[in-house]
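Peer 1: Let me see the structure of the following:
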Amino acid sequence: MVSQEQRRRQLAREKFLRQQQRRTSARRKARMRNAAIASVLGVILIGSVALYTTGVVLGDDDDKTNASAEVTPSASATSKAPDPCDKPAEGKAKTQTWKKEPELSVDESAKYTMKLETTCGDIDIALKAKAAPHTVNSFDFLAGKGYFDHTKCHRLTTEGIYVLQCGDPTAQGNGGPGYNIPDENLKDKSLKDNTYPAGTVAMANTGQPDSGGSQFFLVYQNSQLPPSYTPFGTVSEEGMTVLKKIAAAGAQPADPTTGNTAPNATVVINKATVTKS
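Peer 2: Residues are numbered from 1 along each chain as shown. Predicted structure coming up:
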């Protein structure tokens, strides 16, 4: 005959086993989710990388031809909302490319900030020159060339990961400067438990090492991602207010040719400047 104490221990063991099974299942689902999310950000620059290796400069026709094969679908879009942003300033995005990364001239001991003057408000970013010198050096170079001016932020994700993606003059998700920069700062102390915290500014890439170009994303809400995307800046408190306004307006349905879920807000970088102090 089973004593009351033996029965209690048996029930406790069964409860423990059930808990372990639930935890194992949850970890498996989390790994699958993170892999799927990573693919959203991971392939967006592959078009520019492929073209760069053959020495071809991206043009409008190239974008339309390659977009469907080179861009993964984005996260689900939210419903249409009123546009909270102003009309873009007059001007046209540049599509100039360069054959190699600019010479490293950033001063790692200095402070660098980047200001994105957007149609939705200014977004100030403190750059991490010491931790990500190649990345900051590239942004200093590109901003100085007016590369980001009049460019549209082409992607807003509103499920799973919460980011606004910018930096492509073609606004298709497969544009870039013609060169690549190395991954940096992937062990940043802020990246805990595979989470990019709200306010992080990080590089997009093709999913391959050292494949960053000009596209970057701004995290407006903590997002689970593997530490594969160079974190190189932090958005100011005022900038976060602008980001949250953009996010609150939601995103459009995925474009059938590019897979992008564009923000409902008209987010255009009228001018980008990098300042050393």
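Peer 1: count of neighbours near residue 159?
Peer 2: Neighbour count of residue 159, defined by other C-beta atoms under 10 Å: 13. (Each C-beta comes from the backbone N, C-alpha and C, glycine too.)
Peer 1: For it, which three-state class applies?
Peer 2: coil (DSSP: H, G, I helix; E, B strand; the rest coil).
Peer 1: which stretches of the stretch 51-200 of the chain form helices?
Peer 2: Secondary structure of the stretch 51-200 of the chain by DSSP state H, counting those that start in this stretch: the helices cover 60-70, 133-144.
Peer 1: among these, where is the model least confident on average?
Peer 2: Per-stretch mean pLDDT for the helices of the stretch 51-200 of the chain is lowest at helix 60-70 (a mean of 31).
Peer 1: what's the neighbour count on residue 231?
Peer 2: Counted with other C-beta under 10 Å, residues neighbouring residue 231 total 24.
Peer 1: what are the bridge partners for it, then?
Peer 2: residue 202 (DSSP bridges).
Peer 1: for the protein, which strand is longest?
Peer 2: In the chain, with assignment by DSSP state E, the single longest strand is strand 268-276.
Peer 1: which residues are in contact with the particular helix or strand that has residue 238 in it?
Peer 2: Using DSSP states H and E, the element containing residue 238 is helix 237-248. Helix 237-248 has contacts (C-beta atoms under 8 Å, 6 or more residues apart in numbering) with 81, 84-85, 116, 118, 120-125, 153, 156, 158, 162, 164, 198-199, 218, 220-221, 235, 263, 265, 267.
Peer 1: Got phi/psi on the most centrally placed residue in the chain?
Peer 2: Centroid check for the chain by C-alpha atoms, centre = their mean gives residue 217 as the closest residue, at 2.7 Å. With angles defined as degrees, to the nearest 10, residue 217 sits at phi -130, psi 150.
Peer 1: Now for residue 175, how many residues are close by?
Peer 2: If you count neighbours by other C-beta under 10 Å, residue 175 ends up with 27.
Peer 1: Which residue comes closest to it once chain neighbours are left out?
Peer 2: The shortest distance from residue 175 to any non-neighbouring residue, by C-beta to C-beta, 6 or more residues apart in numbering, is to residue 168 (4.0 Å).
Peer 1: What is the burial count for that neighbour?
Peer 2: Residue 168 is flanked by 31 other residues according to other C-beta under 10 Å.
Peer 1: Please give me every residue in contact with it.
Peer 2: For residue 168, the contact set (C-beta under 8 Å, 6+ apart) comprises 44, 151, 154, 174, 175, 176, 214, 215.
Peer 1: Likewise for residue 171?
Peer 2: Residue 171 is in contact with 93, 151, 152, 154, counting by C-beta under 8 Å, 6+ apart.
Peer 1: go with 10 Å
Peer 2: With contact taken as C-beta atoms under 10 Å, 6 or more residues apart in numbering, residue 171 is in contact with 63, 93, 151, 152, 153, 154, 155, 258, 260, 262, 268.
Peer 1: can you redo those as TSV with distance to residue 210?
Peer 2: TSV is the format used below for the contacts of residue 171 (distance: C-beta to C-beta, whole Å):
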residue	distance to residue 210
63	24
93	26
151	23
152	27
153	24
154	23
155	22
258	24
260	24
262	28
268	29
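Peer 1: Sounds good, over and out.
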